[in-house]
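Peer 1: Can you look at this prediction? I've put the sequence above it.
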Amino acid sequence: MANPVLVEVTRGNRVESIHRGIAVVVDGAGKTVFELGDADMPVFPRSACKAMQALPLVESGAADAYGFGNKELALSASSHSGEPEHVALAGAMLKAAGRSEADLECGAHWSFEQPVLIDQVRALDRPNQLHNNCSGKHAGFVCACCHTGRDPKGYVGYDHPLQAEIRDVMQNLTGSLLDRDNCGIDGCSIPTYAVPLRALAHGFAKMTTGEGIGAERAKASQRIIEACMAEPFYVAGTRRTCTRLMQSAPGRIFAKTGAEGVFCAVVPERGLAIALKCEDGASRAADSMVAGILARFFKEDHDVHERLTAIANHTMRNWKGIEVGAVRLSGAFDD
């Protein structure tokens, strides 16, 4: 059975494009409270699971040893835009462990933020690895290795002790077996594992409620999620959807995107977690989907509901500013 159309893109009075997808909302006990499409389908979470991957940084004691606060923890779970603040903080994290950009293994690319990219092109021959959107996560990896006495060299490899630890963490949270059979290589070179979307949502629900995980992991999970909500700019950047969603309800929403149309989010006060995927990998549709689902849980807060709904359903304009159509949720979201 085909997954439902969840987002429509209009031009004039016609639907020009459609996006199919799957979405699920789960509580800490694993109960499904909302579902569209085949939520048991395995998906690669990509960067949407970075908060899970950041747990060894906190659980090992490295974050405290190096004096990391909310900004550093948010950056360790980020897909940042390579803006100056992101680059500087990733470098400072490495310096705290006596390391440098040369110790990263994520590769390099230009900023996602166009004005910043233009400035970079004017000032630099080429970007370095600190500009990579995953440099904060990788800086956290290097710091965790250094604090625990592990050689960080090769830390992106499947067999490195750090990746084995991350694999164990994610198995504990999602309840899914992670091994070479469901492993791929992410854009930043670390392993990524295909897990059922429902299991991914349950993992985030455990992180926000502490249900089904040990006290120390629950404490570390809460710390990372709260850091991201406190410093949303360091999770993503200027005009990015993750940042906008968390700024829509400060301290009440955690949200993290991943490549190929994946999004995860948490509403801590409700003990609920969301995981979704746009089937064709389009981020514009995933952004709309996650905002629409989040809005369902803020109906009693008119201002928050309106801000989220405006992200879910928004007008498209051409380069001259003329309204040409809209991105909107489909009827599948109707109660």
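Peer 2: Sure thing, it's come through. Numbering: from 1, shown residues only.

Peer 1: Centre of the chain to the lowest-mean-pLDDT helix or strand in the chain, how far?
Peer 2: None of the helices or strands of the chain scores lower by mean pLDDT, DSSP states H and E than helix 114-123, at a mean of 92. Between the mean C-alpha location of helix 114-123 and the chain-wide mean there is a distance of 25 Å, by C-alpha atoms, centre = their mean, to the nearest Å.

Peer 1: Tell me the buried residues in the host helix or strand of Pro56?
Peer 2: Mapping Pro56 onto the secondary structure by DSSP states H and E places it in helix 55-59. Buried positions in helix 55-59, judged by neighbour count with 16 or more other C-beta atoms under 10 Å: 55-59. To be clear about C-beta, it is placed using only N, CA and C from the backbone, and glycine gets the same treatment.

Peer 1: pull the CA atoms of the lengthiest helix in the chain into CSV?
Peer 2: For the chain, the longest helix by residue count, based on DSSP state H, is helix 215-230. In CSV, the C-alpha atoms belonging to helix 215-230 read as follows (Å, rounded to 0.1, in the frame of the first residue of the first chain):
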residue,chain,number,x,y,z
ALA,A,215,19.0,7.2,35.4
GLU,A,216,22.3,8.5,34.0
ARG,A,217,21.2,8.1,30.4
ALA,A,218,18.0,9.9,31.2
LYS,A,219,19.9,12.7,32.9
ALA,A,220,22.3,13.0,30.0
SER,A,221,19.4,12.9,27.4
GLN,A,222,17.5,15.6,29.2
ARG,A,223,20.6,17.8,29.4
ILE,A,224,21.2,17.5,25.6
ILE,A,225,17.6,18.2,24.7
GLU,A,226,17.4,21.2,27.1
ALA,A,227,20.7,22.6,25.7
CYS,A,228,19.3,22.4,22.1
MET,A,229,16.1,24.1,23.1
ALA,A,230,18.1,26.8,25.0
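
Peer 1: list the buried ones in that helix?
Peer 2: If you call a residue buried by 16+ other C-beta under 10 Å, then helix 215-230 has these buried ones: 217-218, 220-230.

Peer 1: returning to what we had before: out of the buried residues of helix 55-59, which comes closest to Gly258?
Peer 2: Proximity to Gly258 was ranked across those by C-beta to C-beta; first place goes to Leu55, at 16.9 Å.

Peer 1: and the closest one, how far is that from Arg223?
Peer 2: Distance of Leu55 to Arg223, computed by C-beta to C-beta, to the nearest Å: 10 Å.

Peer 1: Let me see the ranges of the helices in the stretch 1-150 of the chain.
Peer 2: Taking DSSP state H, counting those that start in this stretch as the criterion, the stretch 1-150 of the chain contains helices spanning 50-53, 55-59, 62-65, 70-76, 84-96, 114-123, 135-147.

Peer 1: Nearest the geometric middle of this protein, what residue?
Peer 2: Nearest to the mean C-alpha position of the chain, counting by C-alpha atoms, centre = their mean, stands Lys256 at 2.6 Å.

Peer 1: ok so it is a strand residue?
Peer 2: Yes - Lys256 sits within a strand when classified using DSSP: H, G, I helix; E, B strand; the rest coil.

Peer 1: can you pull the contacts of it?
Peer 2: Contacts for Lys256 (C-beta atoms under 8 Å, 6 or more residues apart in numbering) come out as 47-51, 77, 79, 228, 235, 242, 263-265.

Peer 1: before we move on, what about Ile213?
Peer 2: 172-173, 206-207, 221.

Peer 1: Looking at the residues you listed, which is nearest Ala88?
Peer 2: For those, the minimum distance to Ala88 (C-beta to C-beta) is 27.0 Å, reached by Ser221.

Peer 1: shouldn't the closest one be in contact with Met207?
Peer 2: Yes - distance between Ser221 and Met207: 3.7 Å, which falls inside the contact criterion (C-beta atoms under 8 Å).

Peer 1: Give the intersection of the neighbour lists for those two.
Peer 2: Overlap between the contact sets of Ser221 and Met207, as judged by C-beta under 8 Å, 6+ apart, is given by 51, 213.

Peer 1: what separates stretch 27-39 from the chain centre, distance-wise?
Peer 2: 19 Å.

Peer 1: Repeat that for stretch 14-24.
Peer 2: Chain-centre distance of stretch 14-24: 21 Å, with C-alpha atoms, centre = their mean.

Peer 1: Make residue 1 into 34 and carry on from there
Peer 2: All right, first residue 34 from here; so that's stretch 47-57.

Peer 1: Show me what that stretch is in contact with.
Peer 2: Contacting residues not belonging to stretch 47-57 are listed as 35-43, 65, 67-72, 74, 76, 230-231, 234, 294, 307-313, 315, 317-319, 322, 326, 358, 363 [C-beta under 8 Å, 6+ apart].

Peer 1: quick one: buried residues of that stretch?
Peer 2: Buried positions in stretch 47-57, judged by neighbour count with 16+ other C-beta under 10 Å: 52-57.

Peer 1: List the residues that contact Gly236.
Peer 2: Contact analysis of Gly236 by C-beta under 8 Å, 6+ apart lists 82, 85, 203, 206-208, 306.

Peer 1: redo that, cut-off 10 Å
Peer 2: Gly236 makes contacts with 59, 78, 82, 84-85, 202-209, 228, 245-246, 254, 297, 306, 308, as judged by C-beta atoms under 10 Å, 6 or more residues apart in numbering.
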